[in-house]
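[1] I need the structure of the sequence given here:
(one chain, ligands or ions: 2)
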Amino acid sequence: MKLTEMNRQWWKEGVVYQIYPRSFQDSNGDGIGDLQGIIQRLDYIASLGVDIVWLNPVYKSPNNDNGYDISDYRDIMDEFGSMSDFEELLAGFHERGIKVVMDLVVNHSSSEHEWFKQARSSRDNPYRDYYHWWPAEKGTPPERWSFFDEEGSAWAYDEQTDAYYLHYFDKTQPDLNWENPKLRAEIFDMMHFWFKKGIDGFRMDVITFISKHDDYPVFHGVHGDKMIDVYAQGPRLHQFLQEMNREVLQHYDIMTVAEGPGTNLNNIHDLVDEDRQELNMNYHFEHVELGVDPRKIVNQDFQNLVKYKQIMSAWATTFDEKGWGTQWHTNHDFPRQVTWFGDDSPEYRVQSSKLLSTFLLTMRGTPYYYMGDEIGMTNAKFDSIDDYDDLMTINWYNLTKAEGGDAEALLESHKLSGRDNARTPIQWDNTANAGFTTGKPWLKVTSNYPEINVAAQQNDPDSPLNYFRKLTRLRKEHLTLVYGAYELLLPDDKHIYAYTRKLDDNVILVLLNYSSERQEVVLNDALISGEVLINNYAALESTACGYQLQPWQAVVLQIK
Ligand code: GLC
Ligand code: CA
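    Ligands and ions are numbered 1, 2, ... in the order given. Predicted coordinates:
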């Protein structure tokens, strides 16, 4: 690949840092992270060398799904602060050269939103068509599966008007009706409101689901979670996104990223190719869904490196010519990277978390890096269902129990796969509650905080934290790591992930040992002599035809 042929964009060259505000920093002792708390930590965030911050939802919300149930799109959640706190935060980021991306949650609203309160009040209310209804006199509605419902159904019966409403997620998250032009106009107007405030983009929550099939047909032979793929193929998805682009997005220098359940290598180009005029990037789930069933019961495949390499390679190269991709391991819906993809034992936690960060920052595609991973935070691994706050784990636990299934096995698996694992408070120091709050934290702090925390790592040159800072610098210094062609080496090796990045005449080699044993890497002659750019060990052992890597060793080499 040639740099002159690349369509250079700030959102391709930047590193995104995701902040889950509820768990970042509490400033007033109520146990809940807030905007003033993030403001207190602005210099820390800037010190990481990240370019873009994605904030999970901060809008008004009854918080049944932690902000993904919005009751007012133009105001800030009381627990997080006020609009003037938000403006102060935005200005603080911008002063430090950091862009801010907000969450856009418009597949559904909260049932507490004024629109829904109106809509459910009578069948002829002007807001009725802002949502999806099935009148009860037509009988039971065709099967629709819900992610969170305690009974698994996405239709909830509402007595007041004797009709069912649609909710792909929780009952308190009714789906918005994008067929209604008035609803679309309201949403576009709200997006202008935030762009005019100066935000730099949106991460679009389950945006692939906004178009529903006309008249809610029966999906023959498609049941339960298999519906995810059908949900993502609504007939007017692309029409709606092109309209959004025309009406809103193209008027600003901003970035967009789809959360894309149901996206795959066959349909992704329709969503992100430049000539489609829809969105800039998407994130897929194939790598994090490897080794889990629909209720996140874990099997051995979750650390199958050969399959993982196939998935990551296919997604990295599909954007060689057109479109652009993302790289991520963890977010507020998935476990901590070091527990899932690495080895969080005391022996290998530090090295494996550095290795995983090396991967994300040397791959083709914009890295989305989750808060706390820079210090190698691990899963919380709660023992009891009472420790959980997440409605997903709680509802599935109850559903499994009601079905007479093995609820304890679900609980055991969720220590590895549950969403609350990555939602625990950031571990700032070794004082009470890890310095997150002076009150009682809304979710338990992970018990290893006296050992794993920011303060302990700040001045240690070998800490995961300072290693991450080196990685962000490295990516900035080498455009090859951003735009260079990706090529996988040794595809069948069960322990080594090796690849090159090539731009113009420059070649960078990345060697990662995904195992707790030493491994030998045999390379062809052209790749033998290289200068180390970064290494998570003090030394690199050469052999006649390659290298001998230490457990979880990660090295990036400039090939000469
Ligand atoms: C997305 C969010 C998740 C939320 C769901 C419903 O998957 O990331 O946290 O529960 O959408 O809005
Ligand atoms: Ca607070």
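[2] now do the strands in the stretch 451-560 of the chain.
    Read by DSSP state E, counting those that start in this stretch, the stretch 451-560 of the chain holds these strands, from start to end of the chain: 485-489, 496-503, 506-513, 519-522, 530-535, 541-543, 546-549, 554-559.
[3] parallel or antiparallel, list what pairs with the fourth one.
    According to DSSP bridges, strand 519-522 has the following sheet partners: strand 546-549 (antiparallel).
[4] can you check the third one too?
    According to DSSP bridges, strand 506-513 forms sheet pairs with strand 496-503 (antiparallel), strand 554-559 (antiparallel).
[5] adding mean neighbour count, write the ones you listed out as CSV.
    In this view, the C-beta of every residue, glycine as well, is placed from N, C-alpha and C. Putting those into CSV (neighbours: other C-beta atoms under 10 Å) gives the following:
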stretch, mean neighbour count
strand 496-503, 22
strand 554-559, 21
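[6] closest to ligand 2 out of these?
    Evaluated with C-beta to the ion, the strands paired with strand 506-513 place strand 554-559 nearest to ligand 2, the distance being 37.0 Å.
[7] what lies in contact with that closest one?
    Taking contacts as C-beta atoms under 8 Å, 6 or more residues apart in numbering, the residues outside strand 554-559 that touch it are 351, 354-355, 358-359, 362, 474, 500, 506-513, 526-527, 529-537, 540, 547, 549.
[8] which one is residue 385 nearest to, not counting chain neighbours?
    Closest residue in space to residue 385, ignoring its immediate chain neighbours: residue 397 at 5.4 Å, by C-beta to C-beta, 6 or more residues apart in numbering.
[9] so which bits of the protein are right by ligand 2?
    Along the chain, the residues adjacent to ligand 2 under the rule C-beta under 5 Å from the ion are 26, 28, 30, 32, 34.
[10] figure out which of the strands paired with strand 506-513 is closest to residue 402.
    Distances from residue 402 to each of these were compared using C-beta to C-beta; the minimum, 41.9 Å, belongs to strand 496-503.
[11] re earlier: with distance to residue 255 and mean pLDDT as extra columns, can I get the strands paired with strand 506-513 in CSV?
    Supplementary listing: the strands paired with strand 506-513 in CSV, determined by distance: least, C-beta to C-beta, whole Å; pLDDT from 0 to 100:
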stretch, distance to residue 255, mean pLDDT
strand 496-503, 22, 98
strand 554-559, 26, 98
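[12] mind checking pLDDT for residue 297?
    At residue 297 the predicted local distance difference test score is 96.
[13] any idea which element the closest residue to it other than its chain neighbours lies in?
    Nearest-residue entry for residue 297: residue 413, 4.5 Å, with adjacent residues in sequence omitted and distances by C-beta to C-beta, 6+ apart. With elements taken from DSSP states H and E, the one containing residue 413 is helix 407-417.
[14] what does that helix contact?
    Contacts to helix 407-417, defined as C-beta under 8 Å, 6+ apart, come from residues 292, 295-298, 302, 334-335, 339-340, 379, 381-383, 385, 388, 393, 396-397, 400-401, 421.
[15] distance between it and the chain's centre?
    Here helix 407-417 shows a centroid-to-chain-centroid distance of 21 Å under the convention C-alpha atoms, centre = their mean, to the nearest Å.
[16] list the buried ones in that helix?
    Burial within helix 407-417, assessed by neighbour count using 16 or more other C-beta atoms under 10 Å, is assigned to 407, 410, 411, 413, 414, 415, 416, 417.
[17] count of residues packed around residue 401?
    Applying other C-beta atoms under 10 Å, we find 14 residues neighbouring residue 401.
[18] which one is the residue nearest the centre of the chain nearest to, not counting chain neighbours?
    Centroid-nearest residue in the chain: residue 331, 4.1 Å away (criterion: C-alpha atoms, centre = their mean). The shortest distance from residue 331 to any non-neighbouring residue, by C-beta to C-beta, 6+ apart, is to residue 370 (5.4 Å).
[19] could you check how far that neighbour is from residue 315?
    Taking C-beta to C-beta, to the nearest Å as the measure, residue 370 falls 18 Å from residue 315.
[20] for ligand 1, what are the nearby residues on the protein?
    Proximity of the chain to ligand 1 is assessed by C-beta under 6 Å from any ligand atom, with 65, 68, 105, 169, 205, 206, 259, 332, 333 identified as the residues in range.
[21] if you set the cut-off to 5 Å instead, what comes out?
    By the rule C-beta under 5 Å from any ligand atom, the part of the chain lying against ligand 1 is 65, 68, 169, 205, 206, 333.
[22] which residues sit in contact with the last one?
    I take that to be residue 333. Here residue 333 is in contact with 419, 422 (C-beta under 8 Å, 6+ apart).
[23] so it is in which element?
    Using DSSP H and E, residue 333 falls outside every helix and strand.
[24] quick check, the residue in the stretch 301-450 of the chain closest to ligand 1?
    Here the stretch 301-450 of the chain gets closest to ligand 1 at one residue, residue 333, 4.8 Å apart by C-beta to the nearest ligand atom.
[25] can you check the chain too?
    The minimum distance from the chain to ligand 1, using C-beta to the nearest ligand atom, falls at residue 68 (3.4 Å).
[26] got the buried residues for stretch 390-398?
    Within stretch 390-398, the residues that count as buried by 16+ other C-beta under 10 Å are 390, 391, 392, 393, 394, 395, 396, 397.
[27] how about those residues in CSV, adding distance to residue 9 and secondary structure?
    As requested, the buried residues of stretch 390-398 are arranged in CSV below (distance: C-beta to C-beta, whole Å; DSSP: H, G, I helix; E, B strand; the rest coil):
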residue, distance to residue 9, secondary structure
390, 35, coil
391, 37, helix
392, 34, helix
393, 38, helix
394, 41, helix
395, 40, helix
396, 39, helix
397, 43, helix
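[28] what about residue 351, how many neighbours?
    One way to gauge burial is a neighbour count; for residue 351, by other C-beta under 10 Å, it gives 24.
[29] could you do the one 3 residues further on as well?
    One way to gauge burial is a neighbour count; for residue 354, by other C-beta under 10 Å, it gives 27.
[30] that one contacts residue 467, correct?
    Yes - counting by C-beta atoms under 8 Å, residue 354 does reach residue 467; the two are 4.8 Å apart.
[31] name the residues contacting each of the two.
    Common contacts of residue 354 and residue 467 (C-beta under 8 Å, 6+ apart): residue 536.
[32] which of the three states applies to whichever residue of the stretch 251-400 of the chain sits closest to ligand 2?
    Nearest residue of the stretch 251-400 of the chain to ligand 2, counting by C-beta to the ion: residue 389, 15.6 Å away. For residue 389, the assignment made with DSSP: H, G, I helix; E, B strand; the rest coil gives coil.
[33] who are the neighbours in contact with it?
    For residue 389, the residues meeting the contact criterion (C-beta under 8 Å, 6+ apart) are 66, 420, 423, 442, 443.
[34] of those, keep whichever come out buried.
    Buried members of those, scored by 16+ other C-beta under 10 Å, are 66, 420, 423, 442, 443.
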